[in-house]
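>>> here you go, sequence then predicted model.
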Amino acid sequence: MPELPEVETTVRDLKPHLVGRTIVRATIRWPRTIAAPRARQFCRDICGYAITDITRRAKYLRFHLQKDGSARSLFVHLRMTGGFRIDPCGTPRDKHMHVLFQLDDGRELRFRDTRKFGRMWLVQDEALVIGKLGPEPLEIGEKEFIALFDGKRRQLKPLLLDQTFLAGLGNIYVDESLWYARLHPLRAADSLTRGERVRLYHAIQRVLTRAIAVGGTSIDVMYRRVNGVSGGFQDSLRAFDREKRPCRRCGTPIVKTTVGQRGTHFCPSCQKPQ
Ligand SMILES: [Zn+2]
């Protein structure tokens with residue numbers, strides 16, 4: 001499932017192909033992918049807009065659009081299996097390509113989503129989509145990060161997954177960050193010492209930066225880069241997807257449990273409950 005590094009990779013893959021292009025036409029084959037406005041209106045509204053930039057906020061892609069002095073944003077959340085391809089117009093499309101944007105250079109941007117949970121919003125007011133998100137983990141400073149935990153009684157794992165607390169982490173990178181920081185996923189957030197918070201801060205920076213550098217994590221069919229290439233971070237995982245395999249620090253088998261309905265991997269010897 002795409003998280004911050006996979007979305008960042010998608011943005012970087014798309015940018016050189018799409019910035020400066022104009023959307024000539026949109027075709028929607030699965031209307032529920034369009035969260036706002038209604039699908040028919042979305043198709044009408046987006047025509048003629050030029051893509052001036054593509055950025056990321058948390059796990060959202062943001063296409064910055066301009067037409068005759070009017071600005072809009074197309075936000076895309078990939079959810080479980082969403083991804084993009086760029087192909088020449090007229091080449092065969094498969095049945096999982098649910099939204100198609102015909103471009104002014106004869107190519108087509110294709111949103112492919114086998115599980116159909118991905119969503120798109122075409123809006124003028126960004127707050128409607130990203131208004132409630134917490135800070136970006138790679139932009140927040142160490143001091144600010146440390147203060148986030150004051151008065152938070154929640155357990156680390158669900159807290160770090162909460163997009164209003166910190167935006168962009170998901171199951172893979174929370175498990176990896178907690179392993180590097182040597183923190184148990186069920187620790188109460190406000191029980192962390194200053195030193196432990198600093199450790200967690202640097203663990204998150206390290207894990208996300210390295211994952212972005214190799215194009216994200218492709219464990220199963222859930223995530224592929226633009227046009228089908230795999231990411232490279234699956235070879236560097238330390239906790240996630242390593243149940244019963246030896247901890248790379250101490251050799252103890254990694255344990256998998258469930259925390260808040262999410263599979264959670266940790267080393268019972270390096271990551272003590274207290
Ligand atoms: Zn260990």
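It's in.

>>> what segments of the stretch 101-250 of the chain are helices?
127-130, 142-148, 156-161, 171-181, 194-213 (DSSP state H, counting those that start in this stretch).

>>> which of those sits most buried?
Mean neighbour count (mean count of other C-beta atoms under 10 Å) peaks for helix 171-181 among the helices of the stretch 101-250 of the chain, with a mean of 25. Every C-beta, even on glycine, is put in place using the N, C-alpha and C of the backbone.

>>> can you list contacts of that helix?
With contact meaning C-beta atoms under 8 Å, 6 or more residues apart in numbering, helix 171-181 is reached by 1, 3-5, 156-157, 160-161, 169, 184-185, 196, 199-200, 202-204, 206-208, 211, 217, 219, 237-241, 262-267, 270-271.

>>> give me that answer again for 7 Å
3-4, 156-157, 160-161, 185, 196, 199-200, 203-204, 206-208, 211, 217, 237-240, 262-267, 271 (C-beta atoms under 7 Å, 6 or more residues apart in numbering).

>>> restrict those to those near the ion?
C267 (C-beta under 5 Å from the ion).

>>> which stretches of the stretch 51-200 of the chain form strands?
In the stretch 51-200 of the chain, the strands defined using DSSP state E, counting those that start in this stretch lie at 60-67, 70-77, 82-88, 97-103, 107-113, 119-123.

>>> mind putting those strands in TSV, mean pLDDT included?
Formatted as TSV, the strands of the stretch 51-200 of the chain follow (pLDDT from 0 to 100):
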stretch	mean pLDDT
strand 60-67	98
strand 70-77	98
strand 82-88	97
strand 97-103	98
strand 107-113	97
strand 119-123	98
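
>>> T258 is nearest to which of those strands?
strand 70-77 (24.4 Å; C-beta to C-beta).

>>> list the strands paired with that closest one, with their directions.
Neighbouring strands of strand 70-77 in its sheet, by DSSP bridges, are strand 60-67 (antiparallel), strand 119-123 (antiparallel).

>>> V226 against D87, yeah?
No - using C-beta atoms under 7 Å as the test, V226 is too far from D87 to be in contact (10.8 Å).

>>> could you look up the SS state of the closest residue to R119 other than its chain neighbours?
Of all residues not flanking R119 in the chain, A35 sits nearest, at 4.4 Å (C-beta to C-beta, 6 or more residues apart in numbering). State at A35, reduced to three classes by DSSP: H, G, I helix; E, B strand; the rest coil: strand.

>>> report the beta-bridge partner residues of the nearest residue to R72 once chain neighbours are set aside.
In this structure, R72 finds its nearest non-sequential neighbour in L65, 4.7 Å apart by C-beta to C-beta, 6+ apart. Under DSSP bridges, the beta-bridge partners of L65 are I51, R72.

>>> wait, what's in contact with L65?
49-51, 71-74 are the contacts of L65 under C-beta under 7 Å, 6+ apart.

>>> for the ion, see how far away T114 is.
36 Å (C-beta to the ion, to the nearest Å).
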